[in-house]
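In: Take this sequence and fold it.
(4 chains, ligands or ions: 4)
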Amino acid sequence: MQQLGMGQAVHQALREEMMRDARVFIAGEGVGVSIHDNPMLPTAGLLKEFGPKRVRDTPVSEAAIAGLAVGAAAAGLRPVVEIMFNPFFTLASDMIVNHAAKLRYLSGGKSTFPLVVRMKSGAGFGAGCQHAHNLEAWVAHCPGLKVVMPSTPADAKGLLKSAIRDDNPVVFIEDMMLYFAPGPVPEGEHLAPIGKADVKRPGRDVTVVTWSKMLGVALNAASRLEQEGIEAEIVDLRTLSPLDKETVLTSVHKTGRLVVLHEATRTGGFAGEVAAVVMEEAFSSLKAPLRRVTGPDIPVPVSPPLERFYIPDEEKLIAAIREIL
Amino acid sequence: MQQLGMGQAVHQALREEMMRDARVFIAGEGVGVSIHDNPMLPTAGLLKEFGPKRVRDTPVSEAAIAGLAVGAAAAGLRPVVEIMFNPFFTLASDMIVNHAAKLRYLSGGKSTFPLVVRMKSGAGFGAGCQHAHNLEAWVAHCPGLKVVMPSTPADAKGLLKSAIRDDNPVVFIEDMMLYFAPGPVPEGEHLAPIGKADVKRPGRDVTVVTWSKMLGVALNAASRLEQEGIEAEIVDLRTLSPLDKETVLTSVHKTGRLVVLHEATRTGGFAGEVAAVVMEEAFSSLKAPLRRVTGPDIPVPVSPPLERFYIPDEEKLIAAIREIL
Amino acid sequence: MQVSKEKQIEMLRSMLLSRRFEEELTELCKVQGKIPGMMILCTGQEAVGSGVCAALAPEDVVISNHRSHNHLLAKGAEPRALMAEIYGKRTGCNKGKSGTLHLAVPEVNAPCTTTVVGGGLPIAVGVAFAQQYRQEKSVTVCLFGDGAADEGSFHEALNLASLWRLPVIFVCENNLYAGAQRYEEHTAVQSMADRAVAYAMPGEVVDGNDVVAVYEATLRARELAVAGGGPTLIECKTYRCRGHGESDPQHYQPKDEIAAWQEKCPIPRLRDEVLARGLITTEELREMEAAINAIVEDAVRFAEESPYPRPEEALEDVLVQ
Amino acid sequence: MQVSKEKQIEMLRSMLLSRRFEEELTELCKVQGKIPGMMILCTGQEAVGSGVCAALAPEDVVISNHRSHNHLLAKGAEPRALMAEIYGKRTGCNKGKSGTLHLAVPEVNAPCTTTVVGGGLPIAVGVAFAQQYRQEKSVTVCLFGDGAADEGSFHEALNLASLWRLPVIFVCENNLYAGAQRYEEHTAVQSMADRAVAYAMPGEVVDGNDVVAVYEATLRARELAVAGGGPTLIECKTYRCRGHGESDPQHYQPKDEIAAWQEKCPIPRLRDEVLARGLITTEELREMEAAINAIVEDAVRFAEESPYPRPEEALEDVLVQ
Ligand SMILES: Cc1ncc(C[n+]2csc(CCOP(=O)(O)OP(=O)(O)O)c2C)c(N)n1
Ligand SMILES: Cc1ncc(C[n+]2csc(CCOP(=O)(O)OP(=O)(O)O)c2C)c(N)n1
Ligand SMILES: [Mg+2]
Ligand SMILES: [Mg+2]
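Out: Ligands and ions are numbered 1, 2, ... in the order given. Coordinates of the predicted model:
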């Protein structure tokens, strides 16, 4: 099977959907001509292939970029717009949260807004807290939006294709660190279902729920624990909203133990939602307290030792798992 | 003791702090001359008393209003700005989340941003989802911000005075429904500590954690349950961030049962954080599953029966409590 | 340019319908518990929506704001469906989910109305982008207030629309107030139309109480837009004769200012002229008014008699399943 | 107006220091793992920050953006503290939390620098509000790029600043590119200074490679501001000779365009003139350059030898305790 980084997988999904459906266009800052000339990045080459009508470089105007998507979707196109980095979601958030997410409801179900907002996220680049701030918990708190956060190139391709075909607004969050790690990706028509979690590794002792880049941390920790005969089941949510409770609950019913791992800061992070669902619906199966392994409640710092301190790693996850075994 | 609505209590706090400290000024849309001529509202009369230098009506420019606060605070003033309704927080969120909350950290602790952002929130006015959208969970997910959400006029006065004297950015959220219900408020210097929850009613059978307007629902439910000999302990968080874990945990250790009640939509709501903290630190005390009583995952609708359906009420809370007793 | 008799009569009728519709609301919203939410009316500003929409084709799109009744009625919205929605009834155009503030009427190409001030501008740009993308000969009109022109969204939207020469018409309804702020209390710029310069876009000021002038300015902007000439900013100078909303005591609006502008009401202005020029007889006018009365009364009756949605219906229409 | 010899020498020195400082960074950032994050330089644009800051008093405030080294050095920031921060060292001006992109130097009245494009504009307005509130005779300068002028925050900030006649100077550093977009690809307006009209604010275009012109324009704007005349928008037309960041291959910037602008480099331009006019001797110049070399080398050595913060120090400085 072809080996692609997640950036290339996103590129392939965009390319295939643009070929399939003339209503699909992409817009954003540098989605056409970019300050990077790197084939590993999602939109590289699309301008050349599809031309300036369907690949639109925009001014530095996040509200207009998101509004463009809302209006074009209302008028029947299928926009895929990019908000360069997650912290700039704030600037687009009125258009996405008060408009994309609500206007269908406000129309009594008459208008539809089939749009995708792609955002790059993730710490680890030394760019600091105005470039790295994982806000998936914000978006997952907004009825009317779907939230996808893939962890593998194959999922990224399959989920983005599904997102583009979805008639609802989908926020699609890509951890930049994943752009550069190749993985197998099915050629051609490969769709992954939005709203389905994926057990990336089965195990009977503890359930680790995670998503996006942290999946790698979870899998590495799991293989290390295996040496000691500890079997961690790794549940990759893939979609935060709608949340696949069933897969999470099935796993916790089996293991009786829950650890949630995410890069976002701890307080108010989406781990809380996962914990609440389990505490509501799998309480009787629980054998141990919850553990959350997350970024601390600080902005992402720049200095390498500080940034490493911020990002959750295998050691922290393994320690947390040991605590509840 | 004087009986004031929460609007009047906020007014008193603003007035006293403006008299106490010449660096305090207020700004926002209609904080001076307003389309309402109602003494129950927080800023009524302040323009008359303090004049246009310290009571600044602004254009409809939420980013500029928040930026005004960030800059003025950096320069040593103590701004108290108003974002008219919670959904418009989106428009100010870059200034508040990427700047007010992060710039101190980015300065290595050299710059300080002593500012307060007041926001009106709450459903029940038939104004619909672009005016009513409880987003306290967003703010509570941002390191560098404190989040206060009072439930009584006395707390509103005491917490707002503390917020204005706090050297950190504080987001102060007022449920408009509370403006019109009078309650006792201490005269003069009355400070409530930010970061301390308050047990508004003791009980041994179940812990109900709530805040803001929902406290009233909780207290009414508690008195009704009392008739049947069920004693609910009502914990009013008052401050979402920093979260007073101790008070919550002490209560759950005693009752062994947790219900979290908030008006915000369910998925990703702050109830998840409370649940996670309890599941982490009071697991062994828990006798029953968690229950969350929240708004459903929909935008706030306008039609009266639909809006009533949205807002959590005593019946729903009582039913939830019964389920876990 | 000579505006046809039919067009003038159409605009008079459009303004009269809007006025009658809102006169009903003025009374209805005083009745406790009858109408949910605030009641925001445009009494005296009817020439803007009626003049603009008279210049549009059915396929043209209108994006309106919190003061939308006239805009939507002028675009052809069904009075019954609007009134029922304003009541919060299940038969309303949005099943009671939107109420008066965010009326969406896709049937007449008003797919969404936003009460977030300035929110309509980037959305209108997106709709116009789709029209250009599909090479349609239609345009999008965004109606917004003078206060909205201070929002960042105004700036980003106009810059992008001009850059891409999108077929959009930005109509600033300058009614001299933004909430309780007088125009000069919220901006230093003499005229909002001056802001067109900042985007290399044509800007035009028109008498917003002269429906014919509004109509003609919109026609010109539309011609330019469909010809690929890009957007226009039209500022319609008018006045908010009533409060921001019906609960507003208007304590900050000078009485004589209100009186002076009531004198300039666009409806008698056109009515007297078409009567004087014999384009309509008193008899025909009375008939028109009677017909409009009947329509509005029927709409109110329909709204009154319609059922409220069932509570659980609140759960519907969030996502496409 | 005659600019004093001292002022001209001061500006030459300021530009030379900035250039040398960044020349070091050009090399240092190529060394794997030495400098965290992106490296964004202003080579060729030094006349802007150096000209602006030469016109300011110590109490004046500067709010800068992602391309800040020249702005901050010109305002008097300590090269050691800046370099150590760029290295992410504990001795950096922000203890390694900010790095090169958001250098805050409150000691020289640069309390915060933001890399959110356009983010500095509303903040500068807030600082200027405080200066007016306290009736100080100081001003605030916001330096931002041409791309930032398309953000909504630009619009809201300029409208409010003009409305309240705040003592703020908006300096748009138009280097012809915003990321990979050429100026005319991101806006249709001929000149960003034209946007001043939209706020009834004076707007001025200056040659951004003529440090004296920038200095004089800033002086005029400062005089106006402290006299209560409100804000000015100054557009400095210059050019981004290097990529957006050091990793940018500049494949979209025409080679001859770059070459042509390198010819217009502001440093030789002033240097040759002061030499020609005998304001400085070759000898003095060589001494100045040697002194600057020593300062920069010392800063690099200091940064190299400084320790990194301990990991747990990441937890400090979030809130005032
Ligand atoms: C983003 C936002 N801020 C504030 C409000 C509250 N608000 C509603 S209408 C209004 C005034 C708008 O004035 P203008 O744009 O001139 O429209 P007009 O009401 O005069 O028709 C304000 C401040 C809002 N709805 N949205
Ligand atoms: C709100 C926001 N959007 C996007 C970016 C990414 N970005 C960083 S610099 C830049 C270009 C800015 O261009 P300009 O304002 O002209 O400044 P210059 O880089 O040319 O000095 C962009 C798009 C950002 N930092 N902030
Ligand atoms: Mg107005
Ligand atoms: Mg630039």
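In: Just the local confidence number for the spatially most central residue of chain C, please.
Out: Residue closest to the average C-alpha location in chain C (Cα atoms, centre = their mean): C:H71, at 2.8 Å. At C:H71, the model reports a pLDDT of 98.
In: Is chain A within reach of the helix or strand in which it is found?
Out: In the assignment (DSSP states H and E), C:H71 maps to helix C:69-75. No. Using Cβ under 8 Å from any Cβ of the partner chain, helix C:69-75 never reaches chain A; the gap is at least 12.6 Å. The C-beta positions use only the backbone N, C-alpha and C, and glycine is treated the same way.
In: following that helix, which helix or strand comes up?
Out: Past helix C:69-75, the next helix or strand by DSSP H and E is helix C:79-87.
In: contacting residues for the most centrally placed residue in chain A?
Out: Nearest residue to the geometric centre of chain A (Cα atoms, centre = their mean): A:M149, 1.5 Å. Listed by Cβ atoms under 8 Å, 6 or more residues apart in numbering or on different chains, the contact set of A:M149 reads A:E136, A:F172, A:I173, A:D175, A:W211, A:S212, A:L237, A:R238, A:T239, A:L240.
In: where do the helices sit along chain A?
Out: Assignment of helices within chain A using DSSP state H yields the ranges A:6-20, A:46-50, A:62-74, A:89-93, A:103-106, A:136-140, A:153-165, A:214-227, A:245-255, A:271-281, A:304-310, A:314-324.
In: Kindly report the same for the stretch 151-300 of chain C.
Out: Along the stretch 151-300 of chain C, counting by DSSP state H, counting those that start in this stretch, helices occupy C:152-163, C:183-186, C:211-226, C:255-263, C:266-276, C:282-305.
In: Any chance of these in a markdown table with mean pLDDT as columns?
Out: Shown next, in a markdown table, are the helices of the stretch 151-300 of chain C (pLDDT from 0 to 100):
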| stretch | mean pLDDT |
| --- | --- |
| helix C:152-163 | 98 |
| helix C:183-186 | 98 |
| helix C:211-226 | 98 |
| helix C:255-263 | 98 |
| helix C:266-276 | 98 |
| helix C:282-305 | 98 |
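In: which of those helices is buried the deepest?
Out: Mean neighbour count (mean count of other Cβ atoms under 10 Å in any protein chain shown) peaks for helix C:152-163 among those, with a mean of 31.
In: is that one up against chain B anywhere?
Out: Yes. Counting by Cβ under 8 Å from any Cβ, chain B has neighbours in helix C:152-163: C:G152.
In: Can you confirm whether that helix lies near chain A?
Out: Yes. Using Cβ under 8 Å from any Cβ, helix C:152-163 comes into contact with chain A via C:G152, C:S153, C:E156, C:A157, C:N159, C:L160, C:L163.
In: how about that helix, does it reach chain D?
Out: Yes. Judged by Cβ under 8 Å from any Cβ, helix C:152-163 and chain D are in contact via C:G152, C:S153, C:F154, C:H155, C:E156, C:N159, C:S162, C:L163.
In: how many neighbours does residue 128 have?
Out: Picking chain A for this. 31 (other Cβ atoms under 10 Å in any protein chain shown).
In: The intended chain is chain C.
Out: C:A128: 34 neighbours (other Cβ under 10 Å).
In: With the one 5 residues further on instead?
Out: Look at C:Y133: counted by other Cβ under 10 Å, it has 20 neighbours.
In: how close does the residue nearest to the centre of chain A get to chain C?
Out: 18 Å (Cβ to the nearest Cβ, to the nearest Å).
In: Tell me which residues of stretch A:125-134 come out buried.
Out: A:F125, A:G126, A:A127, A:G128, A:C129, A:Q130, A:H131, A:A132, A:H133, A:N134 (16 or more other Cβ atoms under 10 Å in any protein chain shown).
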